[in-house]
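Peer 1: Turn this into a structure:
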Amino acid sequence: MRFTLKIIAVLFISLFLFAFTTANYYPIDGYSSTGISRLLRLERIANDSTKTLDLPKGAQLPLNCIELNLTKIKEKPVEEFLTEDKAFAEKLAKVIPGGNYSATILDMTDLENIKYAGFKENLGYQPGSVGKLTVITALFTQLRNICPESWEARKALLRNKRVKAGNWALYDHHTIPDYDIEKDRLVKRKVKADDVFSLYEWADHVMSVSNNGAASVVWREAMLMAAFKDQYEYITQEEADAYFQETPRKELTKLANDLVNDPLQKLNISRDEWRLGSFFTSGANKYVGDIGGSIGTPLGLMKYLVQLEQGKVVDQESSLEIKRLMYMTDRRIRYAYSPRLRDAAVYFKSGSLYSCDRSNGKTCGEYAGNVYNYMNSVAIVEHPNGAKYMVCLMTNVLRKNSAYDHMILASDIDKAITEKNN
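Peer 2: The predicted model follows:
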């Protein structure tokens with residue numbers, strides 16, 4: 001990668017300004033469809049001539065402009081997408097660093113000429129919060145099992161079923177957006193055990209702010225859907241609590257593990273390519289154990305994104321809604337914060353996990369672990385000029401906050417893909 005002093009200065013200023021801004025993404029006309037309260041706040045701002053909606057142009061798509069890109073070639077096996085284009089790979093090799101960097105990149109601008117490149121794509125990393133995509137997939141899988149014939153019935157359940165956080169949601173340092181509709185007041189705070197939100201809002205908390213507690217709640221509710229099936233809509237809090245108290249821990253652990261991993265295997269993603277082995281909170285671990293650990297590879301993640309765009313993740317309606325959930329990021333960070341992507345629609349999930357050993361004065365810091373320091377990004381990028389591509393980037397660079405590197409890489413990759421004669 002080539003960093004010029006000018007670029008570094010501009011990006012430094014951008015990061016400085018970014019620290020003082022707050023933005024919320026999703027199609028801003030989504031409140032009536034989902035009932036997610038914070039979207040109503042965006043809608044109110046957009047409709048108020050005295051206020052400015054402080055969103056990048058690429059974050060302002062309405063619901064009907066979000067589409068799946070590969071449905072016209074839905075029957076094409078995922079493996080056929082992942083054959084390396086030599087010229088494409090050589091171009092991207094100039095910007096992908098060596099060392100502990102792995103990536104898969106797929107250019108789908110021209111469906112007749114899809115290009116793929118992989119760099120150490122089979123290398124396994126701890127996926128961190130990227131694994132929350134498997135929890136969302138488990139939720140939509142169980143919704144389909146309950147209401148196989150009606151997408152509207154599934155949406156109604158997402159919107160109307162309200163569930164309590166309980167100890168499952170504890171503890172997490174990530175905050176959630178809590179918007180009071182009547183008082184028109186937004187507060188960002190940590191999840192509490194007595195919080196009650198709709199399934200849609202819990203899913204929003206998982207994807208928009210990567211809240212660990214919300215991920216554990218959504219995973220728990222998928223377990224209850226599998227256990228109670230079409231009676232899930234009507235179960236009480238007491239019945240839900242009794243189920244977890246009376247069911248053997250070993251049985252709960254197997255069910256939880258199967259719910260998040262079986263849908264991946266149905267997409268021909270092996271457990272060595274991507275799997276989730278444990279909940280995201282210690283509160284959930286009181287009820288459910290771990291199996292096999294968590295791992296992700298750029299290849300496994302790319303297999304998921306390809307089939308999401310084909311409409312094969314659960315079904316076409318679910319794939320589209322998961323993609324919309326990936327658009328509602330609370331703010332663009334890391335890879336998605338690249339200035340080159342400001343006008344592009346970005347569907348994004350990021351994850352990180354680090355560990356520090358400060359013995360004997362060793363250097364270490366937040367997101368700069370010296371034992372391990374995973375940072376991962378998956379992104380679908382759609383430019384207004386029609387350029388469309390997907391990237392899965394996984395890194396483990398010690399003693400360095402890789403957020404800046406991911407942002408720089410996003411710019412370099414975008415330039416390599418979208419600029420001619422580069």
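Peer 1: is it true that Y372 touches S355?
Peer 2: Yes - assessed by Cβ atoms under 8 Å, Y372 is found in contact with S355 at 5.3 Å. Every residue, glycine included, has its C-beta placed from N, CA and C.
Peer 1: who's in contact with W274?
Peer 2: 127, 134, 264, 295-297, 300-301, 303-304 (Cβ atoms under 8 Å, 6 or more residues apart in numbering).
Peer 1: Which ones among those residues lie within strands?
Peer 2: Under the assignment DSSP state E, these contribute 295-296 to strands.
Peer 1: a markdown table for the contacts of W274, including neighbour count?
Peer 2: Listed next are the contacts of W274 as a markdown table, based on neighbours: other Cβ atoms under 10 Å:
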| residue | neighbour count |
| --- | --- |
| P127 | 27 |
| T134 | 24 |
| L264 | 24 |
| I295 | 18 |
| G296 | 30 |
| T297 | 25 |
| G300 | 25 |
| L301 | 29 |
| K303 | 24 |
| Y304 | 28 |
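Peer 1: With pLDDT as added columns, please give the contacts of W274 in a markdown table.
Peer 2: Written out in a markdown table, the entries for the contacts of W274 read as follows (pLDDT from 0 to 100):
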| residue | pLDDT |
| --- | --- |
| P127 | 94 |
| T134 | 98 |
| L264 | 98 |
| I295 | 96 |
| G296 | 97 |
| T297 | 98 |
| G300 | 98 |
| L301 | 98 |
| K303 | 98 |
| Y304 | 98 |
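Peer 1: Out of the contacts of W274, which sit inside helices?
Peer 2: 134, 264, 300-301, 303-304 (DSSP state H).
Peer 1: among the helices and strands of the chain, which one scores worst on average pLDDT?
Peer 2: Least confident helix or strand, the chain: helix 5-18 with a mean of 38, by mean pLDDT, DSSP states H and E.
Peer 1: Just checking, which helix or strand succeeds that helix along the chain?
Peer 2: Downstream of helix 5-18, the first helix or strand assigned by DSSP states H and E is helix 31-34.
Peer 1: List the contacts of that next one.
Peer 2: Under Cβ under 8 Å, 6+ apart, the answer for helix 31-34 is 37, 39-40, 42-43, 63, 155, 158-159, 200, 204.
Peer 1: By neighbour count, which of those residues wins?
Peer 2: Ranked by the number of neighbours (other Cβ atoms under 10 Å), the contacts of helix 31-34 place D204 first, at 27 neighbours.
Peer 1: Could you count how many residues lie near V135?
Peer 2: 25.
Peer 1: To clarify, my last question referred to C356.
Peer 2: C356: 17 neighbours (other Cβ under 10 Å).
Peer 1: How far off centre is the strand or helix carrying A89?
Peer 2: Counting by DSSP H and E, the element that carries A89 is helix 86-93. Helix 86-93 has its C-alpha centroid displaced from the chain centroid by 27 Å (Cα atoms, centre = their mean, to the nearest Å).
Peer 1: Which residues does that helix contact?
Peer 2: Contacts for helix 86-93 (Cβ under 8 Å, 6+ apart): 105, 107, 115-119, 413, 416-417, 422.
Peer 1: Tabulate those (TSV), appending secondary structure, neighbour count and distance to E321.
Peer 2: Listed next are the contacts of helix 86-93 as TSV, based on DSSP: H, G, I helix; E, B strand; the rest coil; neighbours: other Cβ atoms under 10 Å; distance: Cβ to Cβ, whole Å:
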residue	secondary structure	neighbour count	distance to E321
I105	strand	24	25
D107	strand	21	25
K115	strand	22	28
Y116	strand	21	26
A117	strand	25	29
G118	strand	21	28
F119	strand	18	31
I413	helix	25	27
A416	helix	19	31
I417	helix	23	27
N422	coil	11	35
